[in-house]
Structures are given as structure tokens and as C-alpha cells.
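**Q** just a sequence and a predicted model for now, questions to come.
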Amino acid sequence: MGMESSARSGILVVSFVLLAFLNISPAAAGGEGEKVLTLDRSNFTETVSKHDFIVVEFYAPWCGHCKALAPEYEKAASTLSNHEPPIVLAKVDANEEANRELATEFEIQGFPTIKILRNGGKNIQEYNGPREADGIVDYLKKQVGPASAEIKSQEDANSLIDEKKIFVVGVFPKFSGEEFENFMTLAEKLRSDYDIAHTLDAKFLPRGEPVDKPTLRLLKPFDEQFVDFQDFKVDAMEKFIEEASTPVVTVWDNDQSNHPYVNKFFGSSNAKAMLFVNFSKEQDSFETKYKDVAILYKGKGISFLFGDVDAGQGAFQYFGLQEEQAPLLIIQNAEGQKYLKANIEPSQIASWVKDYVDGLVKPFIRSEPIPEVNNEPVKVVVTDSLQDMVLNSGKNVLLEFYAPWCGHCKKLAPILDEVAISFENDSDVVIAKLDATVNDIPSETFDVQGYPTLYFRSSSGNLLPYDGERTKEDIIEFIRKNRDGHADLVSTESESVNADSVKDEL
């Protein structure tokens, strides 16, 4: 199975919608002679074990976002090499076959992914900082300092607290005791996600009343502006911060300061309600009614996003929608099913969301048109033809789920063509492909977590994932072994292809 990018619904939205259309481009690998260390399976463990703090980017050479910020990553590495102590930036080509185990170990589901490794690799955190050189430098300098800074004055608070960002602060009568120790444990755990500080006096903080007992205060640039919490169990504090740092309605527009919350929205495991309107014409007429609905369902497993049609072009492309359908409300549930209401009116929002919750709205299933001509060796399958051509075809079908931009898919394409030609005289065997970026996949039947993913369905209905080598010989042997039927008409000429030459191409 390919691991180029996750195809699960939430992660795909982040990868294709956020990265491609918010211009959030993580750092990239560079060429020879750079300050960025090159790591691979042979030197990764030894190198990481020597560093208390090292930043590692997992990338792919074909990845556009990886290429885009290569100079920024290199510039940051050069600057940080002069830090005291030096901060090391490294890279791993996770597209390389030899490094696949590393990619699996670090749960790399898309490119690029950046990890912060501490204590010789014993502690691993996500890099959630900026993507330009100066921002990378500033973020990582904070990461090597204390997990929580002390606020001793209003001036300290002014210098540390960014009014456009979430800020976590612990207020204590003294810097000792169980509550303070738990807070510092939490700070270390969440330091890559939030700016964190502690203080002896809440009067230094820009918002909130004085307190007379240990209090965790979350300052935020939306909704109620601040919220206090006084259960200092680590898990309870972490859950509180996660929930309280999510806006009732996440706004997706061209304001860069909103983009971290959009990222957080798409990374949530909740069902996702997304209302897209033309902000220049319709924002005011929709915003209040939509927020009222979001408040009604807060804490009930649905997150709400309010997006400008202009800023949300990526979402329209991802869901296969047209701008003419806006104002448009679409809900994607935790299983990836989609429900939509095109040209919705403000007065219809509450009733339509209630109908969705009550199970009265039919899912929207995205499919390309069934092709009128389908005479290539590898047959084209779309969602609307999946039943007839694969699941109910009565044939032995090898089906590839692919993405047009996927490098591994492009390498596999000529091999599948050869396999299909090998079975051209056998009407019981079909080799087919489905573009998973524009066709919805029934997740209850197929588990597609990367591209390419191959499944084989025998004529009797036995469904198997293909996990073998991506060579013509191995695929043919798999089909022979698992097919049903009497005929086995694979051409002998096709079997004479040198296996090593095919593997070299992969």
C-alpha cells in the first residue's frame, strides 16, 4: 500500500484543502552542502540519540509544498546552527523505499510532516509553528527554552501574549505544590501547540478577574475572550484546553491569523458543518443565525465552520462542488459521509441541521460521470459504476485507488497496463482504477489510507487487499492464486519480463 498521503476524510481535507489553498507550506529539504542534516534508515537512530533536541522533516521529492519552502528551512537551519546551544534541523526522504519503516514508526500520513524529537528521540512532538525562516527560528528558540515562561509584570505579559493567539497561563499563590507540578507537566506536553506561562498574580494579565487559588486561565481572541479552570489533573486540563480553544464557529477567510483554527477544525474527529457564503455580500445575513445553531449543538459532536467562498476554493474542489451552489451548507460526518444543502437561506439553517441530526437528510455521494468510452486495458471505475463494474460484476477484479498527483501511482500505471494486457483474453479478469480524489469511496467496504491502494474482489465476492510487491509478476501471481473460475489465460510471453528490471523502475 502506498503511504503518500492519507485518504481518510479528515486528513485529506487538511492535506488538500488547507495546505494547498491556505498556502501553508511546511519546510522542505534542500540540496548538498546545506545546514540541514540528511538522515535515513542507516544513520537516523544514531544521530537522533546524540541530540537532546532535533527537528526532523519527513518529505517527498515530488511534493510541491516540500519544494516551495526549501530555502526557508535551509535559512532557518543556518541561523539556528549559531544558536547556543546549536539547534539542529534534519530531513528524511520518506518517499524512499528504504525509509518506509521510519515513516511508519513516526506515523507519517502526508508530506511534509515535521517532528520535534527530545531527549535522544524518547519524546516526540508535532511541529506546529510558522513555515517561513524567521518564524521557524523564533518558534524553535522558544521550544528549547522553558516550557512555561514566568510573568512577573504587566510588561512581561505584554511581550509574551499575542492578542491574536491562544495563550495558556497558570496563576498560583506559590510555584510549588501538586497543582503547579501538574501544570508544568502539562506545559511540557503541550509546549509545541500553545504559548504557555505562569504567574503569581492575575492582575498582570490583560483579561480576567483576580483569583485566590490555583487557576488555569485560557486567553483567546474569540468568543468569551478568556475562561478559567481549576481542576489541575493533567488529563482534565488537557481536555479543557482542547475544547475551550476551539471557536464556537471557526472563520475561514483570507486573514492568516484564522488559519490555525481552520487547521484545528479540520483535524477534529467531530462531524464538520461548513457554511460557505460570499462574505462581501452575505456574511452579515448568515453569521448570527449560523452561530446560534452552533451554540445549540456545542459539545454534541459537531464542529462549525463559516467560510468565504473565495477563501474556500479548495473545499469546493475537494468536495466536487460549484460556486453557483453557494450559499452552501455541507456536513461531513465522522465516517466521511457528506450531506449538503445548496443555495440555503439563513432561515433554513436551523431546520436543515436538525434534519441532519435526526437522520432525515440523504448523503451526498460524489462521482465522476460514467465514461462513455472505456476501452483502455485498465478500465475506469467511478463511484456510480463501482457496483456494476466491481462489487456485482461477477468477475475477478483488481481495483486500484489512486490520485493523479501520486508519484507511486504514476510508476504503477504502466505495470497495471501490462497486467491488464496479460489478461486480455480472459473475460473473467478485469484490471481497473478509480480516482479517489474525485470519487467517494464506501469506507465500510474499502479501507483506503494512502495511494495507491489495491483491492482484489473475486467473482464469488471474496474481497482482499493487495499488499504484495508492485511488479507485474507478483500481481499476476496474486490474481491467479485468488481468482475464481476455470480459465487461466495469462499469456506466457508476459511472464518472461525480467522481474528485476520492473523492480528497478519502482
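**A** Structure's in. What do you need? Residues are numbered from 1 along each chain as shown.
**Q** mind giving me the domain split of the chain?
**A** As assigned by automatic domain parsing, the chain contains the domains 9-144, 149-244, 249-357, 379-505.
**Q** and these as CSV, adding distance to residue 370?
**A** (Glycine included, C-beta is placed from N, CA and C.) Shown next, in CSV, are the domains of the chain (distance: least, C-beta to C-beta, whole Å):
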stretch, distance to residue 370
domain 9-144, 23
domain 149-244, 44
domain 249-357, 15
domain 379-505, 5
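**Q** dump those into TSV; add mean neighbour count as well.
**A** Shown next, in TSV, are those (neighbours: other C-beta atoms under 10 Å):
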stretch	mean neighbour count
domain 9-144	18
domain 149-244	17
domain 249-357	18
domain 379-505	17
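**Q** between those domains, which one is nearest to residue 367?
**A** Among the domains of the chain, the nearest to residue 367 by C-beta to C-beta is domain 379-505 (3.5 Å).
**Q** okay, and the beta partners of residue 53?
**A** Counting by DSSP bridges, residue 53 forms beta bridges with residue 118.
**Q** can you show me the helices along the stretch 251-400 of the chain?
**A** Remark: helices assigned in the stretch 251-400 of the chain by DSSP state H, counting those that start in this stretch are 259-267, 279-296, 313-319, 349-357, 386.
**Q** these: lowest mean pLDDT?
**A** Mean pLDDT is lowest for helix 313-319 out of these, coming in at a mean of 78.
**Q** now that helix - C-alpha only, PDB.
**A** C-alpha atoms of helix 313-319 as PDB (Å, rounded to 0.1, in the frame of the first residue of the first chain):
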ATOM      1  CA  GLN A 313     -11.900  27.200  -3.200                       C
ATOM      2  CA  GLY A 314     -10.000  24.200  -2.000                       C
ATOM      3  CA  ALA A 315     -13.100  22.800  -0.200                       C
ATOM      4  CA  PHE A 316     -15.200  23.200  -3.300                       C
ATOM      5  CA  GLN A 317     -12.600  21.300  -5.300                       C
ATOM      6  CA  TYR A 318     -12.200  18.600  -2.700                       C
ATOM      7  CA  PHE A 319     -16.000  18.100  -2.400                       C
END
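**Q** format the helices of the stretch 251-400 of the chain as a markdown table; extra columns: distance to residue 83.
**A** Compiled in a markdown table, these are given as follows (distance: least, C-beta to C-beta, whole Å):
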| stretch | distance to residue 83 |
| --- | --- |
| helix 259-267 | 25 |
| helix 279-296 | 42 |
| helix 313-319 | 36 |
| helix 349-357 | 50 |
| helix 386 | 54 |
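**Q** and of those helices, who's closest to residue 325?
**A** Comparing the helices of the stretch 251-400 of the chain by C-beta to C-beta, helix 313-319 comes nearest, at 8.4 Å.
**Q** what's that closest one packed up against?
**A** Helix 313-319 sits against helix 20-21, strand 271-277, with contacts defined as 3 or more C-beta pairs under 8 Å, 6 or more residues apart in numbering; DSSP states H and E.
**Q** determine how far the last one lies from the middle of the whole chain.
**A** This points to strand 271-277. 18 Å (C-alpha atoms, centre = their mean, to the nearest Å).
**Q** quick check: mean pLDDT across that strand?
**A** Per-residue pLDDT values across strand 271-277 average out to 96.
**Q** other SSEs contacting it?
**A** Under the contact rule (3+ C-beta pairs under 8 Å, 6+ apart), strand 271-277 is packed against helix 279-296, strand 302-308, helix 313-319, strand 328-332.
**Q** run me through the strand neighbours of that strand, direction for each.
**A** Strand 271-277 pairs in its sheet with strand 302-308 (parallel), strand 328-332 (antiparallel), by DSSP bridges.
**Q** returning to what we had before: what's the closest of the helices of the stretch 251-400 of the chain to residue 88?
**A** The closest of these to residue 88 is helix 259-267. By C-beta to C-beta, the value is 25.7 Å.
**Q** now for that closest one, which elements pack on it?
**A** strand 249-252, strand 302-308.
**Q** by how many degrees do it and strand 302-308 diverge?
**A** Counting by axes from the mean of the first three to the mean of the last three C-alpha atoms, to 10 degrees, helix 259-267 points 130 degrees away from the direction of strand 302-308.
**Q** so which of the domains of the chain comes closest to residue 363?
**A** Nearest of the domains of the chain to residue 363, taken as C-beta to C-beta: domain 249-357 at 4.6 Å.
**Q** how far does that closest one stretch from one end to the other?
**A** Domain 249-357 has an end-to-end distance of 18 Å (C-alpha to C-alpha, to the nearest Å).
**Q** that domain: how far from the chain's middle?
**A** Chain-centre distance of domain 249-357: 18 Å, with C-alpha atoms, centre = their mean.
**Q** do the same with stretch 106-126
**A** Distance of stretch 106-126 from the chain centroid (C-alpha atoms, centre = their mean) equals 14 Å.
**Q** same check on stretch 237-245?
**A** Computed by C-alpha atoms, centre = their mean, the chain-centroid distance of stretch 237-245 equals 21 Å.
**Q** and what of stretch 212-231?
**A** Mean-position distance between stretch 212-231 and its chain equals 29 Å (C-alpha atoms, centre = their mean).
**Q** what lies in contact with that stretch?
**A** Residues outside stretch 212-231 that contact it (C-beta atoms under 8 Å, 6 or more residues apart in numbering) are 161, 163-173, 177, 179-180, 183, 202, 205-208, 211, 232, 236-237, 240-241, 244-245, 247-248, 257, 261.
**Q** which ones are touching residue 132?
**A** By C-beta under 8 Å, 6+ apart, the contact set of residue 132 is 69, 72.
**Q** run the last query once more with 6 Å
**A** Residues counted as contacts of residue 132 (C-beta atoms under 6 Å, 6 or more residues apart in numbering) are residue 72.
**Q** circling back: and residue 190, which of the helices and strands packed on strand 271-277 is closest to it?
**A** Nearest of the helices and strands packed on strand 271-277 to residue 190, taken as C-beta to C-beta: strand 302-308 at 20.0 Å.
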